[in-house]
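>>> Structure for the following, please:
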Amino acid sequence: MSISELSAKIKRLGLKARPAVPPEMIQEWEGRLGLKLPEDYAAFVTQIGDGWEKQVVRRSLWPEMRPLLPCGDLSLLRRPFPYKDAWIWENRETNPLPGESGEAWDRRVEDLLRPIRYGNIPLLRGACGEKFHLILNGECSGEIWIFTDVGIAPCSPRTMFAEWLSGWIESRM
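Prediction:
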């Protein structure tokens, strides 16, 4: 899916995007971060818009698509996203260990889950509370992953930003 096709689809639907980001801002941000944004995402934010606010279009509620900037702690984005496959942690690694204090359990789970914040940004929340994240850094750079309260997984089949956004829009039309 090309950016011009994606733009036409968004306009045809009547979805109002935030203003586009100047390419110089993306270059400056990439320089500070020390990595390149996925090409299709950079084209989206510079040519179409930097996400959108929550809105009702054709009697359907469209959740907010978060803007790129500000996107939180840049030091976390510099670190490569360490996962290649789905990981379901609920009722496995996050169960309290025998004799583990509540405080020790909290620290262990925080340490265990910290890497899920590396090298990715949240884009939007789905209808069932899942969040769709764009992987910016690491082996899966450019892919969209689904984050829930019990685990993370790449979209199936593995999908890059523009293809995912086009499919997501189609599923809501």
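>>> Show me where the chain has its strands.
Using DSSP state E, the strands found in the chain span residues 55-57, 60-62, 87-88, 120-125, 131-135, 144-147, 151-154.
>>> Can you tell me what sits against the third one?
Strand 87-88 is contacted by residues 150-153 when judged by CB atoms under 8 Å, 6 or more residues apart in numbering. C-beta: built from backbone N, CA, C; applies to glycine.
>>> Could you give the separation of that strand from the chain centroid?
Remark: strand 87-88 is offset 17 Å from the chain centroid, using CA atoms, centre = their mean, to the nearest Å.
>>> partners of that strand in the sheet?
Strand pairing for strand 87-88, using DSSP bridges, gives strand 151-154 (antiparallel).
>>> Enumerate the positions of the strand it pairs with that are buried.
By 16 or more other CB atoms under 10 Å, the buried positions in strand 151-154 come out as 152, 154.
>>> same question for it, mean pLDDT?
The predicted model assigns strand 151-154 a mean pLDDT of 96.
>>> Check stretch 94-104 too.
Along stretch 94-104, the predicted confidence averages to a pLDDT of 90.
>>> then it to CSV, C-alphas only?
Output for stretch 94-104, consisting of C-alpha atoms alone and laid out as CSV, is shown next (Å, rounded to 0.1, in the frame of the first residue of the first chain):
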residue,chain,number,x,y,z
THR,A,94,4.7,-13.4,36.6
ASN,A,95,3.3,-15.8,39.2
PRO,A,96,4.7,-15.2,42.7
LEU,A,97,7.4,-17.7,43.6
PRO,A,98,7.0,-19.8,46.7
GLY,A,99,8.0,-17.6,49.7
GLU,A,100,8.4,-14.5,47.6
SER,A,101,7.4,-11.3,49.4
GLY,A,102,5.1,-8.8,47.7
GLU,A,103,7.9,-6.3,47.4
ALA,A,104,10.3,-8.8,45.9
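>>> how many neighbours does the closest residue in space to L74 that isn't next to it in sequence have?
Computed as CB to CB, 6 or more residues apart in numbering, the closest residue to L74 that is not its neighbour in sequence is L33, at 5.7 Å. L33 has 16 neighbours, counted by other CB atoms under 10 Å.
>>> Adjust the sequence numbering to begin at 737 for everything that follows.
Got it, first residue is 737 now, which makes that one L769.
>>> on that earlier part again, Y777: which of the strands of the chain is closest?
For these, distance to Y777 was read as CB to CB. The smallest value, 5.9 Å, belongs to strand 867-871.
>>> Which neighbours in the sheet does the closest one have, and how are they oriented?
strand 856-861 (antiparallel), strand 880-883 (antiparallel).
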